[in-house]
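Visitor: Need a 3D model of the sequence below.
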Amino acid sequence: MQMKQYLIDTFLFNDLTNKKLLEKINTLPDKIESIKLFSHLINCQYKWMARIVHDPNAPKMSWWEPLYELDKIEGEWNKSLQLWLEYINDKTDDQLAEEVTFIGLDESTWAASSQDIALQLNYHSIHHRAQIQTIIRQQGFEPDFVDYIGTKYRKL
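Guide: Numbering: from 1, shown residues only. Below you'll find the predicted structure:
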């Protein structure tokens, strides 16, 4: 499998499982911490894209704000995801492996490949999804099964 397809598949897996998670968040009595974490994932996708396309507002963008209202989260998630799917679709594997530059938190120039940034976003999503799953369990609910293999295996 080529890296481009791997990245697309991974973003789509995270999309599927994160949307499943949103359904569960909607049933929680205390949604705030889960909404903060989910909003953070959206903001990370926006900020990293802004960084690699050299948006002059990128350094001022927050990793944690805005905090999206629950009824708007899925729409914002879809928009932030679409930016990445379009970006990846427009690149070859070689282009995805090339370094891009961006302004870091210390206001100096940094570099990383766009494929590594995309991988970071996907692995970061898995990390925070696990945190949200823990919040769900702490509130007395059973988290949904969102393991990758659950999207691949089949009973014979």
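Visitor: and the strand or helix carrying residue 119, how far out from the chain's middle?
Guide: If you go by DSSP states H and E, residue 119 is part of helix 114-138. Relative to its chain's centre, helix 114-138 lies at 7 Å (CA atoms, centre = their mean, to the nearest Å).
Visitor: and what of stretch 49-56?
Guide: 17 Å.
Visitor: With just CA atoms, put it into PDB.
Guide: Provided in PDB are the C-alpha atoms of stretch 49-56 (Å, rounded to 0.1, in the frame of the first residue of the first chain):
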ATOM      1  CA  MET A  49      -3.200  22.800   7.600                       C
ATOM      2  CA  ALA A  50      -2.900  26.500   8.100                       C
ATOM      3  CA  ARG A  51       0.800  26.000   9.100                       C
ATOM      4  CA  ILE A  52       1.700  24.000   6.000                       C
ATOM      5  CA  VAL A  53      -0.100  26.300   3.600                       C
ATOM      6  CA  HIS A  54       1.600  29.300   5.300                       C
ATOM      7  CA  ASP A  55      -1.600  31.000   6.400                       C
ATOM      8  CA  PRO A  56      -0.400  34.100   8.200                       C
END
